[in-house]
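Novice: model the following, please.
(chains A and B)
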Amino acid sequence: MTEHRRIVGDTLLKVENISLGFGGVQALSGISFEIREHEILAIIGPNGAGKTSMLNVINGFYHPQEGAIAFKGEVRRTMRPHRAAKQGIARTFQNVALFKGMSTLDNIMSGRNLRMHRNILWQMLYYGPARNEEMEHRHRVEEIIDFLEIQAIRRTPVGRLPYGLQKRVELARALAMEPELLLLDEPMAGMNVEEKEDMCRFIIDVNEQFGTTIALIEHDMGVVMDISDRVVVLDYGRKLAEGTPDEVRANQDVIDAYLGVPHEEELV
Amino acid sequence: MSDTDTFPKLLLENASRIGNRPGCREKDLGIWQTWTWAQVADEVRALACGLAALGFGRGDKLIIIGDNRPRLYWSMTAAQAIGGVPVPVYQDSAAKEMGFVIDHAEARFALAEDQEQVDKLLEIKGTNQTLESIVYDDARGMRNYDQAFLHDFDKVQEMGRAFDRDNPGFYDDAVAAGKGSDISVMLYTSGTTGNPKGVVLTHTNVMRTAENNEKMEGLKESDEILAYLPMAWVGDHIFSFGQNYTAGFCVNCPESSATVMQDLRDIGPTYFFAPPRIFENILTTVMVRMEDAAPIKRRLFHYFMDVAQRAGTRILDGKPVSSMDRLLYALGNVLVYGPLKNTLGFSRIRLAYTAGEAIGPDIFDFFRALGINLKQLYGMTEASVFITVQPDGQIRPDTVGVPAPEVEVKIADNGEVLFRGPGSFQEYYKSAEATSETKDPEGWVHTGDAGVFTEDGHLKIIDRAKDVGRLNDGTLVAPKYLENKLKFFPNIKEAVAFGHQRDYVAAFINIDLVAMGNWAERHNVAYGGYQELAAYPDVQDIVREHVEQVNRDLASDPQLGGSQIRRFLVLPKELDADDGELTRTRKVRRSFVADRYAELIEALYSDRNTCHVETEVTFEDGRKGMLAADLRILDAKTFPVAEAMREAS
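Specialist: Residues are numbered from 1 along each chain as shown, chains lettered A, B, ... in the order given. Below is the predicted model:
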């Protein structure tokens, strides 16, 4: 918690030669890269490049036809989302996926569910060990609420919150799982400048203070270049480039993919 | 008085007399944490010794910046205990404004709440010569700061405890060396013109004023107060610090500035202060929510509010009320007032004050009708708050009450209100000239407000003495009086009236985005923001109706009837403290606004019907942008003035 600047460590997750197709559409073909401990990795690419599919493969929502994923050295072909969650992978979604009718607090508490050990009967009785357990978890949740500065909306049903705050609540719920790897799917989409700045600060704080490894998809290049340690560029399901923001920025393939290239005949 | 003449001494006395009673509370991680007086004394001692270990000595100033936090309040007493002077600064002031105060006070030490404030101090430290050490309360986000002059609050207290062990007797001797005539605090007034001035108050000033009011109102140890107004403001210093110590009641610090309304409900304070603006916001919210309520609830609410308007205030003032109304009021209390007060967190209020601006009669009556003992007072930093207070049972919306205990008040020949009393400030720090301009050799302090006494000895404030002007034909114009009348309409948030040395009165108006936004929603008017809504013709017509209503009221007043508003415009942006248009206490800086929008004023006094304006706006994050708009200038109807009733002599 008090360490200075986090040190990027060994490989935490490695995807090898991943291919994923839906019928005739090849979403991902032969993608390999790794996510290292304590880093912030950005996955970028034009629309339809396969970024969200990649995240879905990592947390076990999609099963690739080819390739393997190694998380903390454990290699596997397929994984179920709840297994991924148990192993310490949490995520947020491009279109906020919260329980709209429940309060902020309850939504975040639901992120603690995996870590609660008493069965539902105990929890319903709210007595003895179940009660202590709930209080313990509530304390952790309150720390996250404090961390993300959402005290004022603790009791508000999330459906009534503005979009920017819903995104923050979703991040809070993901953090409640105390993940080792946090997958963020466009955490800043649809936000104004001020909300984006807040979100950036929170992401960096999470990364630095808890040492959480973060993989995120983002379209705002300013944000990506600012906060990430490394960037993976996808285009049409293929990996175009990988490297530090500066390297990626200078990569000719990336420039071509983003800015387009004139057809050969036009050059003549 | 007794030998307990300073706040650090009073703290020791409280710690032994009522050591187990709560002294302060703070909501942290969703739970209210309590410190007893004994614990507060312990924390203050550790902090004072820690500051001493850092080199803080007698006469040093401690700059304090942040939201209301127990630790920030403790730091005041800690500084005082070792002979220093706390200088709280408005937490939302920009680095430049803060820099002025630090330079002027020649402060070597500062205590900041969090990273945000530390960043401002670091920016200031670049150009400032005096600032040496910065202590921060919240370590969040501070991990990449490694400057040696930055100190964590906990570490300072740790150092203090070690220092205390090594130097037994240091703290007690330091506290004993304090005298009532020592400076206890320096409060920089935000000032509507020029640079802020440092008002110097002594322990005796603050303590006597706090005690006098405490006796008048019967404040007790069991009272509860919510500390949510800026610590740099004298009101908070008296209510949440001075009276906290003298009366021994508990001060509650909210979780964050965004949660104040919920925290208010958690705590249910018995003693409450809010400026009129907050009461107004609460009323607006209640009304808007009632509009959205089910028809039966709405009818119930309106029916019983009528009963309350009839009977509530009279019951509160101990005046006769028919037994039918009494019965209905009791029923209303069960069905409407009780639940409403509970929702607002006002269930337990015994005493509520408002001051700073005139409060709308409707707003004032609304809260009093609910059975909340809301009273007005008139005060200022230079008086340690209290100049006049409304005694129980003599409450009126248009006066500010009778002189506070031990305070003398008189009206100068030019209509200015002067006072003299135990709370009268010592001087403006390092400004002998400003001091002598304000405080004459006999001790009378010039308030700068124009006022009159009513027949039964109640003071009525009309305007700033210097703002009272005359039209070219000699008619009296009190701009603030007009502005307040306009602002009493929920749809109008801010108004600035002009007229001195002109042919007629004209005004700028800001609409209230909450109230008008609600209207827009109800009428299916889509708008992108303030500017768009303000330019909407129907909105401007509503404003026109309000202006004409004010004119109609004015027409019945022979003295001010000539100052009816003939032309006005709705400003394309809200007046904002970040743009320098309002002070930090949200008062309009009239001359600044007049300079900035000079072309608009000219247009108001021409026969043009539109005017183009371009102005710079500052966003919350400090960036600036340009705003351009074509404004409509509107005419309002005026009414014939009632002739002054002259008695045949």
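Novice: and B:E602, how close does it get to chain A?
Specialist: B:E602 sits 36 Å away from chain A, going by Cβ to the nearest Cβ, to the nearest Å. All C-beta spots, glycine's among them, are computed from the backbone N, C-alpha and C.
Novice: for chain A, which segments are assigned as helices?
Specialist: Secondary structure of chain A (DSSP state H): helices at A:51-58, A:81-87, A:104-110, A:120-125, A:129-147, A:163-176, A:193-210, A:221-227, A:245-250, A:252-259, A:264-267.
Novice: rank those helices by mean pLDDT and give me the bottom one.
Specialist: Mean pLDDT is lowest for helix A:264-267 out of the helices of chain A, coming in at a mean of 53.
Novice: for chain A, what are the nearby residues on chain B?
Specialist: Contact residues, chain B versus chain A (Cβ under 8 Å from any Cβ of the partner chain): B:28-31, B:140-141, B:143-144, B:255-256, B:258-259, B:262, B:620-621.
Novice: which among those count as buried?
Specialist: Neighbour-count burial (16 or more other Cβ atoms under 10 Å in any protein chain shown) applied to the residues of chain B next to chain A gives B:29-30, B:141, B:143, B:255, B:259, B:262.
Novice: which among these gets closest to B:R71?
Specialist: Closest approach between those and B:R71, by Cβ to Cβ: B:E255, at 14.4 Å.
Novice: secondary structure class for the closest one?
Specialist: Secondary structure, DSSP: H, G, I helix; E, B strand; the rest coil: B:E255 is coil.
Novice: correct me, but it touches B:I31?
Specialist: No - using Cβ atoms under 8 Å, B:E255 makes no contact with B:I31, being 9.7 Å away.
Novice: any idea which of the residues of chain B next to chain A is least confident?
Specialist: B:E620 (69).
Novice: on that earlier part again, give me the common contacts of B:E255 and B:I31.
Specialist: Counting by Cβ atoms under 8 Å, 6 or more residues apart in numbering or on different chains, no residue touches both B:E255 and B:I31.
Novice: how is the chain carved up into domains?
Specialist: In the absence of a named chain, chain A is used. Split into domains by automatic domain parsing, chain A comes to A:1-88+A:179-268, A:99-176.
Novice: looking at chain B here, not the other one
Specialist: Looking at automatic domain parsing, the domains of chain B come to B:7-27+B:35-205, B:469-635.
Novice: out of the ones you listed, deepest packed?
Specialist: Across these, averaging neighbours per residue (mean count of other Cβ atoms under 10 Å in any protein chain shown) puts domain B:7-27+B:35-205 on top, at a mean of 20.
Novice: okay, how far is it across that one, tip to tip?
Specialist: For domain B:7-27+B:35-205, the first-to-last residue distance is 11 Å (Cα to Cα, to the nearest Å).
Novice: ok now that domain, how far from the chain's centre?
Specialist: Here domain B:7-27+B:35-205 is found 22 Å from its chain centre; the criterion is Cα atoms, centre = their mean, to the nearest Å.
Novice: how about stretch B:546-557?
Specialist: Put simply, stretch B:546-557 sits 28 Å off its chain's centre (Cα atoms, centre = their mean).
Novice: cool, stretch A:36-50 as well?
Specialist: 10 Å.
Novice: please apply the same query to stretch B:300-308.
Specialist: 30 Å.
Novice: same question for it, mean pLDDT?
Specialist: Here the average pLDDT along stretch B:300-308 is 94.
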